[in-house]
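>>> let's see this in three dimensions:
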Amino acid sequence: MFNEKGEIHRIIGTGVNITERKQAELQLARKTQELCQTLNTLKATQGSLIRAAKMAALGNLVAGVAHEINTPVGTAITSASTLESATQSILKDLQTGELKRSVFEGYLEVAAECSHLILNNLTRAGELVQSFKQVAVDQTSLKARTFNLKEYIQEIVTNLTPTIKQTPHRIVISGSHNILLHSYPGALSQVMTNLIMNSLSHAYPNLAGDGDDSEALPYPAGTLHIAVHQQPGEIIVQYSDDGCGIPLGNQHRIFETFFTTARKLGGSGLGLHLIYNLVTQTLQGSINVSSVPGTGTTFTLFLPNRIAEKVPD
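Numbering: from 1, shown residues only. Predicted coordinates for the structure are as follows:
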């Protein structure tokens, strides 16, 4: 028998359930949209921080090279001033007829020495400017080109000389002089610069002034080693230091965004994350790390001989 009252209650109850389900779906959609917006904001913020880190690295490079150029330019200016003074003196003696052979010979010695110093120091300054110009242009452009790998790494190290000279460490570059790489040199420059600066900042804590001096480990002057190798289809760049190493519990996290153990010292946690993105995305390669606490750390880059050209992110 048809129960009109019961049927009405069933229909009303079904309608209530549908309304509640629609409300839940709408609420879920709103939450999903909010989460997507938050995620996009975080990605944009991360991108801005990474760009800022890149510009900060370039700014440090500019400051370091400018400081390094001051020495040869200053020496050249001093030598030119000495030569000018000696020339004025010899001209005065010549005009008054008091020029002696011994005085003239002394002037020639001064002129030869000053000319030598001026030429050598201006050549050195020119080399620094050219090296910086190439690396800086590469870092601010997104163009791929073919370059000699070992020579380019030497240019990168040359630009970091002012910073390295403030430490007792040294950099050794080994491998074939004949390896050619068709890739984005600016991205490689950023990777190598960040790896070196990371070692200088964190691998030798007592020398870098990290932490409590009373607990500093006795790390002597260190050696940073860059080795390049070529094998079929790819090029291997191996970077290593002989510093304090990375604790085993942190090794699987070092490429994570914002992960750092030096937050109180101003570490942003973006350096190694930037390296990972540049190697895997821009340079289209891969990177791994191996480290033994107390012995040192090695980063190994596997790069294609010739990159598939595209505009990197």
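>>> residue ranges with poor pLDDT in the stretch 201-313 of the chain?
Scanning the stretch 201-313 of the chain with the threshold set as pLDDT under 70 gives 206-219, 257-271, 309-313.
>>> can you map out the helices along it?
Under the criterion DSSP state H, counting those that start in this stretch, the stretch 201-313 of the chain carries helices at the ranges 205-208, 271-277.
>>> centre of the chain to the last one, how far?
Put simply, helix 271-277 sits 10 Å off its chain's centre (CA atoms, centre = their mean, to the nearest Å).
>>> so that it lines up with my notes, have the first residue be 530 from now on.
Yep, numbering from 530; the last one is helix 800-806 now.
>>> what's that helix packed up against?
Helix 800-806 sits against helix 533-625, helix 714-731, with contacts defined as 3 or more CB pairs under 8 Å, 6 or more residues apart in numbering; DSSP states H and E. (Glycine included, C-beta is placed from N, CA and C.)
>>> for these, which has the smallest mean pLDDT value?
For the helices and strands packed on helix 800-806, mean pLDDT drops lowest on helix 533-625, to a mean of 72.
>>> residues contacting Arg699?
693, 750-753 (CB atoms under 8 Å, 6 or more residues apart in numbering).
>>> let's see 10 Å
By CB atoms under 10 Å, 6 or more residues apart in numbering, the contact set of Arg699 is 693, 750-754.
>>> just the ones of those residues in strands?
Counted as lying in strands by DSSP state E, out of the contacts of Arg699, are 752-754.
>>> separate out the buried members of those.
Buried subset of the ones in strands among the contacts of Arg699 (neighbour count, 16 or more other CB atoms under 10 Å): 753-754.
>>> now distance to Ser608 too, for the ones in strands among the contacts of Arg699, in CSV please.
Listed next are the ones in strands among the contacts of Arg699 as CSV, based on distance: CB to CB, whole Å:
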residue, distance to Ser608
Thr752, 35
Leu753, 34
His754, 37
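>>> surely His706 meets Glu680?
Yes - taking contacts as CB atoms under 10 Å, His706 lies within contact range of Glu680: 7.5 Å.
>>> count of neighbours near Gln556?
Gln556: 10 surrounding residues under other CB atoms under 10 Å.
>>> equivalent analysis for Leu832, please.
Leu832 has 22 nearby residues by other CB under 10 Å.
>>> what does Pro761 give?
The local packing of Pro761 (other CB under 10 Å) involves 5 other residues.
>>> distance of it from Asn834?
9 Å (CB to CB, to the nearest Å).
>>> same deal with Pro822?
To Asn834, Pro822 is 35 Å away according to CB to CB.
>>> same deal with Leu709?
Taken as CB to CB, the span from Leu709 to Asn834 is 8 Å.
>>> shared neighbours, the two?
759, 764.
>>> between the two, which is the more surrounded one?
Asn834 (15 against 12).
>>> walk me through the domains of this structure.
For the chain, the structural domains run 537-669, 673-738+750-833, going by automatic domain parsing.
>>> next up, phi/psi of the residue lying closest to Leu717 once chain neighbours are set aside, please.
Spatial nearest neighbour of Leu717, excluding adjacent residues (CB to CB, 6 or more residues apart in numbering): Leu812 at 6.6 Å. Phi and psi for Leu812, reported as degrees, to the nearest 10, are phi -90, psi 0.
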